[in-house]
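> I'll drop the sequence and a predicted model, then ask my questions.
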Number of protein chains: 2
Amino acid sequence: MSAQLDQLVEKMRRGERRALGRLLTIVEQGGAQAVQALEAVHRYTGGAYVIGVTGPPGAGKSTTVDRLIALYRAAGKSVGVLAVDPTSPFTGGAFLGDRIRMQQHFLDSGVFIRSMATRGGVGGLPRMVKASIRALDASAKDIIIVETVGVGQTEVEVMQVVDTVVVVLVPEAGDAIQTMKAGLLEIADIFVVNKADRPGAGRLVSELEAMLHMAEKAPWWQPAVMEAQALNDVGVDQLFRVIQEHEQALKGSSNLTRKRRERQRQEFFTTLEEEAGVLLKRLTAREGEVAAVLTKVEQGEEDPYVAAARVLSDGAFLRDWMAERGRRPNAGDG
Amino acid sequence: MSAQLDQLVEKMRRGERRALGRLLTIVEQGGAQAVQALEAVHRYTGGAYVIGVTGPPGAGKSTTVDRLIALYRAAGKSVGVLAVDPTSPFTGGAFLGDRIRMQQHFLDSGVFIRSMATRGGVGGLPRMVKASIRALDASAKDIIIVETVGVGQTEVEVMQVVDTVVVVLVPEAGDAIQTMKAGLLEIADIFVVNKADRPGAGRLVSELEAMLHMAEKAPWWQPAVMEAQALNDVGVDQLFRVIQEHEQALKGSSNLTRKRRERQRQEFFTTLEEEAGVLLKRLTAREGEVAAVLTKVEQGEEDPYVAAARVLSDGAFLRDWMAERGRRPNAGDG
């Protein structure tokens, strides 16, 4: 595997699109191979600037991303795009249409677009996206744009790992409240009120500004609120400039370093928790003390919270864990 | 602590409201005392039937719950209510008004209402609610109603542990889509289109029925969709009857047992994961191998995913874990 992987990374570094595609697939599939792939690309990461674009379905995110790609290309930058598809089949139609429109860039060798489906659980997706960002980063893209659909927990988690967070809303959405509830207000750097020719745009801008006024923000960046009509190519050039201003504000101080450091830390913990969870599930599938405790819990003989606390504080968990380690199919070899 | 706790449980069992309040506070605060409290009440649990009511802000959930309480009281049942407050300060006003309105029941000794704020992280709240349900259950309530505001991940997690899930929507909300995205379609047993005198109620009912038709459901229960005007006392008696039909459908087969068994299992795993996460954070705060790995991750010398996989598969984690166990301030004594 390892020599093969080295070859694949080398090809990706030379700009072979198929090699990058295969590496992204390996990373998405997780497990030991993903760990090895991430280790192999690690030395090449850190060069890309990562922009996140999120917002409710139908807000015009894909159109906005489409225009941003064109502007970055005109500025001589290479661009990687991760388009994270929504879970729900009910909103799939428009989104697919947008995807097809974005494909005009597929002919441009300076642009690489990857769609990711949100298959699997809620927990796993953000980690998959984060890892994919690093693989794209290693392919020497100047700019990475991550587009997610929604204003829920998953989107917030994904947006926590980008450098600049752009939230695209539409006037009639009205429920900026949803944005707030999900915690996007706290992490958004730029709000775009798109389709601003529709009624209510001015009111939403005022609402957002009022809410931002109340929220606590970093002293070196006041979140921007702007209007746009991406479909008519109005306002996206301004968005492009403000993103760059934010990039400068981040890089001008030690904020970018601090932000990325905190991000690495968070991902380390999240992965530890998730992987520990996977291991725990495997432990209880085998005969052992943890499995015995689970049976008692299922039969209502013991409170689940009490049982979990006991497993972690006595030796049962550790003994089973050590026995399981030897068998671990997905163990990374570090 | 233990004799004191036994006394408290005894008082709660005799119907002392203050004792129940104190037990709920202990459970909410978590840690070793919560574990002890849950262990002490465990033998008294399992008797209550648990109903969850959720939906977007302003849908009329509190009014609906208010009417349901009255109907259950008229049927001679004692009722416990857990009202989980929304995080956002922006929607707090109306909610508090509803709380006050519900207080008419505070004079009724057969009703116990507890408000829970969603302070703290997203992860902790569902577990806190689940544990509180068991404490209420142990106080010999016939019915427990859990009211949450929202259609996000937190609400879905909470709703996964109730016996009957009621989702309250309003016609103009329109975005049944949000309900779908969050996964409520999969777990809702009854949909109430409230404020059904407003335009669009019939359309939303049809939409919901169409979506339910496509979704996979248990063969023994076809989710119900109904209209109501809770404020005018229209339709809640029908909801009351349908909830009881669902209860009968659950109890008539072995479905309730199976559902509760699965629920206990899930909570055991979730608690294990969360507690393991807390312990991991403490481990890295001390000198040790895990802390050393974290430093490398923060400095960009190692990929966070790779580092997490390595920590879990080599011995560093286990050695630090065992050292930490002895120091653990919150360890339950089983």
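Noted; the coordinates are in hand.
> count of residues packed around residue A:265?
16 (other Cβ atoms under 10 Å in any protein chain shown). Just so you know, the C-beta spots here come from the backbone N, C-alpha and C atoms, and that holds for glycine as well.
> next structured bit after whichever strand or helix holds it?
Element membership for residue A:265, per DSSP states H and E: helix A:255-285. The helix or strand immediately downstream of helix A:255-285 is helix A:289-298, counting by DSSP H and E.
> What is the subsequent helix or strand relative to that following helix?
Reading on from helix A:289-298 to the C-terminus, the next helix or strand found by DSSP H and E is helix A:304-313.
> What are the buried residues along that next one?
For helix A:304-313, the neighbour count (16 or more other Cβ atoms under 10 Å in any protein chain shown) marks A:304, A:305, A:306, A:307, A:308, A:309, A:310, A:311, A:312, A:313 as buried.
> Same question for stretch A:65-75.
Of the residues in stretch A:65-75, A:65, A:66, A:67, A:68, A:69, A:70, A:71, A:72, A:73 count as buried by neighbour count, 16+ other Cβ under 10 Å.
> Which residue is the nearest non-sequential neighbour of the third one?
Which is residue A:67. Spatial nearest neighbour of residue A:67, chain neighbours left out: residue A:236 (4.0 Å); criterion: Cβ to Cβ, 6 or more residues apart in numbering or on different chains.
> need the contact list for the residue of the stretch 151-300 of chain A at minimum distance from chain B.
With Cβ to the nearest Cβ, the shortest gap between the stretch 151-300 of chain A and chain B falls at residue A:271, namely 3.6 Å. Taking Cβ atoms under 8 Å, 6 or more residues apart in numbering or on different chains as the definition of contact, the neighbours of residue A:271 are A:127, B:304, B:305, B:308, B:309.
> try 10 Å
Counting by Cβ atoms under 10 Å, 6 or more residues apart in numbering or on different chains, residue A:271 makes contact with A:35, A:127, A:130-131, B:297, B:303-309, B:311-312.
> quick one: which of those is nearest residue B:193?
Each of those was scored against residue B:193 by Cβ to Cβ, and residue A:127 proved nearest at 37.5 Å.
> Tell me which helix or strand the closest one sits in.
Secondary-structure assignment from DSSP H and E places residue A:127 in helix A:124-138.
> Can you report how many residues lie near residue A:217?
Using other Cβ under 10 Å, residue A:217 has 14 neighbouring residues.
> What sits closest to it if chain neighbours are left out?
Excluding the flanking residues, the one nearest residue A:217 by Cβ to Cβ, 6+ apart is residue A:223, at 6.2 Å.
> What is the neighbour count of the one you found?
21.
> tell me the contacts of it?
By Cβ under 10 Å, 6+ apart, the residues touching residue A:223 are A:165, A:167, A:185-191, A:208-209, A:211-212, A:215, A:217, A:246.
> try it again with 7 Å
Counting by Cβ atoms under 7 Å, 6 or more residues apart in numbering or on different chains, residue A:223 touches A:188, A:189, A:190, A:191, A:212, A:217.
> what's the answer for residue A:193, then?
With contacts taken as Cβ under 7 Å, 6+ apart, residue A:193 has the following neighbours: A:169, A:171, A:201, A:204, A:205, A:227.
> likewise residue A:277?
For residue A:277, the contacting residues are B:269, B:273, by Cβ under 7 Å, 6+ apart.
> at 8 Å what do you get?
Counting by Cβ under 8 Å, 6+ apart, residue A:277 touches B:269, B:272, B:273, B:276.
> want to try TSV for the buried residues of stretch A:65-75, with secondary structure and pLDDT as columns?
Formatted as TSV, the buried residues of stretch A:65-75 follow (DSSP: H, G, I helix; E, B strand; the rest coil; pLDDT from 0 to 100):
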residue	secondary structure	pLDDT
A:65	helix	93
A:66	helix	91
A:67	helix	93
A:68	helix	95
A:69	helix	94
A:70	helix	93
A:71	helix	96
A:72	helix	96
A:73	helix	94
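> ok, so of those, who is nearest residue B:12?
Distance to residue B:12, by Cβ to Cβ, is smallest for residue A:65 among these, at 56.6 Å.
> Wait, that closest one touches residue A:53, no?
Yes. In terms of Cβ atoms under 8 Å, residue A:65 counts as a neighbour of residue A:53; the distance is 5.6 Å.
> tell me, what's touching those two both at once?
Both residue A:65 and residue A:53 are in contact with A:145, A:147, where contact means Cβ under 8 Å, 6+ apart.
> got TSV for the contacts of residue A:223, with secondary structure and pLDDT too?
Shown next, in TSV, are the contacts of residue A:223 (three-state DSSP; pLDDT from 0 to 100):
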residue	secondary structure	pLDDT
A:188	coil	90
A:189	coil	94
A:190	strand	96
A:191	strand	94
A:212	helix	83
A:217	coil	71
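> Phi and psi next, for the residue nearest to residue A:217.
Main-chain dihedrals, residue A:223, degrees, to the nearest 10: phi -50, psi 140.
> Look up the pLDDT of it for me, please.
We have a pLDDT of 93 for residue A:223.
> do residue A:31 as well
Residue A:31 is assigned a predicted lDDT (pLDDT) of 78.
> what about it, distance to chain B?
In this structure, residue A:31 and chain B are separated by 9 Å, where distance is defined by Cβ to the nearest Cβ, to the nearest Å.
> Please report the distance of that residue from residue B:280.
Distance, residue A:31 to residue B:280, using Cβ to Cβ, to the nearest Å: 21 Å.
> the more surrounded of those two?
For residue A:31 versus residue B:280, the count of surrounding residues by other Cβ under 10 Å is larger for residue B:280: 24 against 14.
> Looking at the nearest residue to residue A:272 once chain neighbours are set aside now. What's its pLDDT?
For residue A:272, the nearest residue in space outside its immediate sequence neighbours is residue B:308; the separation is 4.6 Å by Cβ to Cβ, 6+ apart. Looking at residue B:308, its pLDDT reads 84.
> didn't residue B:308 look like it was pressed against residue A:268?
Yes. Contact between residue B:308 and residue A:268 holds when scored by Cβ under 8 Å: they sit 5.4 Å apart.
> quick one, strands of the stretch 51-200 of chain A?
Per DSSP state E, counting those that start in this stretch, the stretch 51-200 of chain A carries strands over the ranges A:79-84, A:111-116, A:143-148, A:164-169, A:190-193.
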